[in-house]
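Q: here's a sequence, model it:
(one chain, ligands or ions: 1)
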Amino acid sequence: MKKHNFSAGPCILPQEVFQKASEAVLNFNNDHLSILEISHRSKPFVDVMEKARSLALELLGLEGKGYKALFLQGGASMQFLMTAYNLLENKAAYLNTGTWSDKAIKEAKLFGELVEVASSKDKNFTYIPKGYNIPTDADYFHCTSNNTIFGTQIKHFPETEVPMVCDMSSDIFSRQLDFSKFDLIYAGAQKNMGPAGTTLVVVKEEILGKVSRTIPSMLDYKVHLGKDSMFNTPAVFPVYVSMLTLEWLKNFGGIAAIEKINEQKSTLLYNEVDRNPLFAGVVATEDRSHMNTTFTLTNDSLSETFDAMCKEAGINGLNGHRSVGGYRASMYNALPVESVQVLVAVMQALEKKA
Ligand code: PMP
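A: Residues are numbered from 1 along each chain as shown. Now for the predicted structure:
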């Protein structure tokens, strides 16, 4: 039975990527060795790493603009502290849009003064704060482009002269942005890029080397850059699968092409959430995420029926994050429009039944 996978992450990747990845586990590069058993220093893998790094920059439109890409380990959570370790000398400015920003703030506080420029905590993170000021003497400004848990997404990034750092874990490669506005972007692979186990960091080299502290090698971006993302054994398989996904995206037409499909999917679902009296959206309309649509049932007693109907239709991963409940449909790049049509049909069938 065909499954419709709305999982928030790790999540759906293109079928073609799963196919190629599984072939490489048995016979990589037609060398009759598995990708899992070859040296990360062998030419075939070094080529994979280089291709993954250059595809990331190419798709973001950052080639030749002073940026480098790294594939590190420790998840986006490691980046919460690594960004501060490498960039925070005196003071940093953070926008608090929910759980993930909160966690980034907690780590950064270990390294210096932290200014929370705005927070949407007053309304349980159901909107994106606007009109805040970023202190011009901050070492950097940090924000989370898409709140995976609450389903909010920053649509307009602030204009600021201080370096901008962004956690794009759950919407990287999903929409067109002027990525050159950012000085450091990080994203755990397990949404739009690959399996869990590697984290993409795209950094403008000129912002590094300005803090006075000694940075342990594994946490120092300059060390990783100096070794072309091979300071230690990288997460070979996650990097390979990420490379395959980036290739798939490039062949698809890049971010511009996938953005159109992503808009189609989110419009389809939000229209139904708004139209169907049995469902209600959770977040401010203008801040709705195109990646993670959160909604609730207006009548809780229907939840068992709805859940059973979803199961019957092959829908997977629709439950909201354990901290907020309700429903969350994550519609990452590889999710076909057809899966959203199936979900909408189930929502309409529930309305007829109720
Ligand atoms: N930031 C965001 C926006 C996330 O959605 C997540 C996890 N889903 C994280 C950070 C943490 O990522 P990781 O589990 O890779 O550390």
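Q: a helix runs through K250, doesn't it?
A: Yes - judged by DSSP: H, G, I helix; E, B strand; the rest coil, K250 forms part of a helix.
Q: wait, what's in contact with the closest residue to the ligand within the stretch 1-150 of the chain?
A: The minimum distance from the stretch 1-150 of the chain to the ligand, using C-beta to the nearest ligand atom, falls at G75 (2.6 Å). Placement of C-beta: from N, CA and C, glycine included. Contacts for G75 (C-beta atoms under 8 Å, 6 or more residues apart in numbering) come out as 188, 196, 199.
Q: before we move on, what about S229?
A: Counting by C-beta under 8 Å, 6+ apart, S229 has contacts 49, 53, 69-72.
Q: which one (most neighbours) among those?
A: F71 (27 neighbours; other C-beta atoms under 10 Å).
Q: that residue touches V236, doesn't it?
A: No - the criterion here is C-beta atoms under 8 Å, and F71 misses it with V236 at 9.9 Å.
Q: would you indicate which residues of the biggest helix by length in the chain are buried?
A: Of all the segments of type helix in the chain, defined by DSSP state H, the longest one is helix 254-275. Residues of helix 254-275 classed as buried: 254-255, 258-259, 261-262, 265-266, 268-270, 272-273 (neighbour count, 16 or more other C-beta atoms under 10 Å).
Q: now do stretch 181-197
A: The neighbour-count check on stretch 181-197 (16+ other C-beta under 10 Å) flags 182-195, 197 as buried.
Q: can you check stretch 137-154 too?
A: Here stretch 137-154 shows 138-154 as buried, counting by 16+ other C-beta under 10 Å.
Q: restrict the residues you listed to contacts with the ligand.
A: The residues of these that also fall near the ligand, by C-beta under 6 Å from any ligand atom, are 144, 148.
Q: in strands, which of the buried residues of stretch 137-154 appear?
A: 141-144, 146-147, 152-153 (DSSP state E).
Q: how about the residues you listed in CSV, adding pLDDT?
A: Shown next, in CSV, are those (pLDDT from 0 to 100):
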residue, pLDDT
F141, 98
H142, 98
C143, 98
T144, 98
N146, 98
N147, 96
T152, 98
Q153, 98
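Q: all strands in the stretch 101-250 of the chain, in order from the N-terminus.
A: Ranges of strands in the stretch 101-250 of the chain, per DSSP state E, counting those that start in this stretch, are 113-119, 141-144, 146-147, 152-153, 164-167, 184-188, 199-204.
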